[in-house]
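Colleague: I'd like to go over a predicted model; first the sequence, then the structure.
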Amino acid sequence: QVQLVESGGGLVQAGGSLRLSCAASGRTFSSYTMGWFRQAPGKEREFVAVISWSGSTYYTDSVKGRFTISRDNAKNTVYLQMSSLKPEDTAGYYCAAKSGGPTSKGALYDYWGQGTQVTVSS
């Protein structure tokens, strides 16, 4: 069982930056693929970024060059550094964990956090 707790969300002006953190319980964190997803009101959940156990990273096109996913296995934590934020980035952000390789399909993730809200004002 893995428990995930996100933090770091908040209100920021367009063009600003935020760093989200996701702290995971469990001693096997380093073996998990970790993903970030987001969901805006009235919209479906959307893949944002993923990092494999080996450190390979993938991003959805809309955040490439602006967001960076990373992990610190010693701290059981995955991060999402977000820069040049836009109002359309406003959403609840969720981290998720799965065994096996990286995927953008949320249904394949086994564990989810409760989410942290990011609001970008124009």
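Modeller: Received it, and whenever you're ready, just let me know what you need. Everything quoted here is computed from the prediction, not taken from an experiment.
Colleague: rest of the way, CA atoms for contacts and neighbours
Modeller: Fine.
Colleague: Against Leu85, how distant is the residue nearest the centre of the chain?
Modeller: Against the mean C-alpha coordinate of the chain, by CA atoms, centre = their mean, the closest residue is Trp36 at 2.4 Å. Counting by CA to CA, to the nearest Å, the gap from Trp36 to Leu85 is 16 Å.
Colleague: Quick check: Leu85 vs Glu44, distance?
Modeller: Distance, Leu85 to Glu44, by CA to CA: 20 Å.
Colleague: higher neighbour count, those two?
Modeller: The neighbour comparison of Leu85 against Glu44 (other CA atoms under 10 Å) goes to Leu85, with 23 against 9.
Colleague: Please name the nearest non-neighbouring residue to the more buried one.
Modeller: Nearest residue to Leu85, sequence neighbours excluded (CA to CA, 6 or more residues apart in numbering): Gly15, at 4.8 Å.
Colleague: For that neighbour, give me the pLDDT.
Modeller: Listed pLDDT for Gly15 reads 98.
Colleague: my guess is it meets Glu88, correct?
Modeller: No - contact criterion CA atoms under 8 Å: Gly15 and Glu88 do not qualify, at 11.7 Å.
Colleague: where do the strands sit along this protein?
Modeller: All strands of the chain, identified by DSSP state E, fall at 4-7, 10-13, 18-24, 33-39, 46-51, 57-59, 67-72, 77-82, 91-98, 111-112, 116-121.
Colleague: buried ones in the second one?
Modeller: Looking back up the chat, that one is strand 10-13. Applying a neighbour-count criterion of 16 or more other CA atoms under 10 Å, one finds Val12 buried in strand 10-13.
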